[in-house]
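*Asks:* give the three-dimensional model of this entry:
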Amino acid sequence: MRPFFGLIDAVIVPGTAGFDFDGGIAESHAQGVWTWMLRDVAPDLIDANAADADPEARQALDLLVPELLQRARAAIAAVGSPDSERRIQLQMGGEDAYRRVGVVLNALKCRSLLDKAQAFGRAANGMTDETALGVALQSMPLNDHAVSALLFQAAMGQVSHPGRMMAAAIRLAGSATEASLQRAGFAPLIEAMLSHAQAQIPALDQHGAFADIDLTCRAIDRFHRLMRAVTGYVELGRLTRWSTAVAAVTKTVSELVEPKLRDVSPNVNLALRRHSGQDRLDGDQVLAALNGCYVLTTIRDCRDSLALNAMFDQTWTQVGQALETHVQRNLELFRQNPGDRVIGARLDAAIKMAELRFNPDYADVLRRARETAEKRAG
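*Replies:* Modelled structure (predicted):
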């Protein structure tokens, strides 16, 4: 069951939060508070068996939110001893959820504004003029940190080019320093970007043959865009909260991406080698190699936000050399025996990988060479 039937989905982030950012609520924390409300705060008001996708259930819950907030705040205010505090923490599933209960309740209070914030984020994508974007940013409640943190969190999920928004905020603040941005009320904007960058971690924590590579590549690209909007624009201090978060999240993401990068070169060689005896093409191995090449090209575009420069350079060179060798070898074999379907399929796979590693023009040259060999045989 989705926490709160999806009423505050706009500010809920997947996975376990390594860092708590002001407007983002970890899914586990939201679930803990929701369970507490279901079982202990308002079991008489909320139907625990209702389907969270049912619009009527969501609408009914929306009407009950004022009563839920009143009861929840009363229950928290009644905590008067360490024992009662431990009891309520257990009801929420732990100390972490209890620590974030105020943010969850505030999100419920501001639920009607979250959709508007998402619309703001989508509208910002069409604003190419920095001045117009700055005017739009000033429509946010910058003087109310708690509310603006939630609104920026909701909006950022829809923003395609966070760097443009950060540039507009810096222009309004008059300086790119942390202190200037905080004084201008844009600390929640940075918090939202870092929260969404951290939220890419679950998509990268996939392993095995059934990992969604499209999702992995999108997560790497999204992480890069968000992180560059902060590190490429903001003058971060050496040991501040934000610089510490940037370093830690970058380290975690890089450690998750590193094994995928390390596997690319071996997978390419395994996929494109010729088998002794009865030759065959291993479809699963070819898919793994192609997926690795997609990840490799994504990392190439996003390497400035990852701590993988040495490994990337090595892998990039190794894969390039391996593909040149395999393409020429398979092209020569195809010229000798153009009717061999296995060799033809292996050559096609090698050309596709070369297109990803090198460029489309190089792949087109190889395809024309393949076509020429076929015509000569015909």
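*Asks:* helix, strand or coil for A245?
*Replies:* Following DSSP: H, G, I helix; E, B strand; the rest coil, we place A245 in the helix state.
*Asks:* could you find the closest non-adjacent residue to it?
*Replies:* Taking Cβ to Cβ, 6 or more residues apart in numbering as the measure, A245 lies nearest to F19, with 4.8 Å between them; neighbours along the chain are not counted. Placement of C-beta: from N, CA and C, glycine included.
*Asks:* tell me the contacts of the one you found?
*Replies:* L194, Q198, A245, A248, V249 (Cβ atoms under 8 Å, 6 or more residues apart in numbering).
*Asks:* if any of the residues you listed are buried, put those into a PyMOL selection.
*Replies:* Filtering those down to the buried ones (16 or more other Cβ atoms under 10 Å) takes a single PyMOL command:
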select buried, resi 194+198+245+249
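*Asks:* and the contacts of F19, which is closest to L61?
*Replies:* Q198 (28.2 Å; Cβ to Cβ).
*Asks:* now the closest one: how far from F19?
*Replies:* 6 Å (Cβ to Cβ, to the nearest Å).
*Asks:* and if you look at D301?
*Replies:* 26 Å.
*Asks:* same thing with E130?
*Replies:* 29 Å.
*Asks:* swap in L63?
*Replies:* Counting by Cβ to Cβ, the gap from L63 to F19 is 35 Å.
*Asks:* run the chain-centre distance for the host helix or strand of P259.
*Replies:* Per DSSP states H and E: P259 is located in helix 241-262. Mean C-alpha position of helix 241-262 versus that of the full chain (Cα atoms, centre = their mean, to the nearest Å) differs by 13 Å.
*Asks:* just checking, what packs against whatever helix or strand C302 lives in?
*Replies:* Using DSSP H and E, C302 sits in helix 283-302. Applying 3 or more Cβ pairs under 8 Å, 6 or more residues apart in numbering; DSSP states H and E, one finds that helix 283-302 makes contact with helix 213-231, helix 241-262, helix 264-272, helix 309-336, helix 341-357.
*Asks:* between the ones you listed, which gets nearest to D205?
*Replies:* helix 241-262 (5.7 Å).
*Asks:* got the buried residues for that closest one?
*Replies:* Taking 16+ other Cβ under 10 Å as the criterion, helix 241-262 shows 241-243, 245-246, 249-250, 252-254, 256-258, 260-261 as buried.
*Asks:* helices or strands up against that helix?
*Replies:* helix 187-198, helix 201-204, helix 213-231, helix 283-302, helix 309-336.
*Asks:* can you list the ones you listed in TSV and add distance to E85?
*Replies:* Shown next, in TSV, are the helices and strands packed on helix 241-262 (distance: least, Cβ to Cβ, whole Å):
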stretch	distance to E85
helix 187-198	27
helix 201-204	30
helix 213-231	35
helix 283-302	44
helix 309-336	47
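*Asks:* most tightly packed of these?
*Replies:* When you average the neighbours per residue for each of the helices and strands packed on helix 241-262 (mean count of other Cβ atoms under 10 Å), helix 187-198 leads with a mean of 27.
*Asks:* with adjacent residues omitted, what lies nearest to A107?
*Replies:* I8 (4.4 Å).
*Asks:* quick one, what contacts the one you found?
*Replies:* Taking Cβ under 8 Å, 6+ apart, one finds I25, A30, V104, A107, L108, R111, L114 in contact with I8.
*Asks:* now do stretch 256-274: distance to the chain's middle.
*Replies:* 23 Å.
*Asks:* avg pLDDT for that stretch?
*Replies:* Average pLDDT, stretch 256-274: 95.
*Asks:* from now on call the first residue 556
*Replies:* Understood, numbering begins at 556; the last thing we discussed is stretch 811-829.
*Asks:* measure that stretch end to end?
*Replies:* 31 Å (Cα to Cα, to the nearest Å).
*Asks:* same question for stretch 731-740.
*Replies:* 13 Å.
*Asks:* same check, this time on stretch 824-844
*Replies:* OK, stretch 824-844 end separation, Cα to Cα: 8 Å.
*Asks:* what residues does it touch?
*Replies:* 764, 818-819, 822-823, 845, 877-878, 881, 884-885, 888, 895, 897-898, 900-901, 904-905, 908.
*Asks:* coming back round to it: common neighbours of Q753 and F574, please.
*Replies:* In contact with both Q753 and F574: A800, V804, using Cβ under 8 Å, 6+ apart.
*Asks:* just the pLDDT at the residue lying closest to C665 once chain neighbours are set aside, thanks.
*Replies:* Closest residue to C665 apart from its sequence neighbours, by Cβ to Cβ, 6+ apart: L705 at 5.4 Å. Note for L705: predicted pLDDT of 97.
*Asks:* next: T571.
*Replies:* pLDDT, read off for T571, is 74.
*Asks:* right, and it touches H584 too?
*Replies:* No: the pair T571 / H584 is not scored as a contact, 9.2 Å apart, by Cβ atoms under 8 Å.
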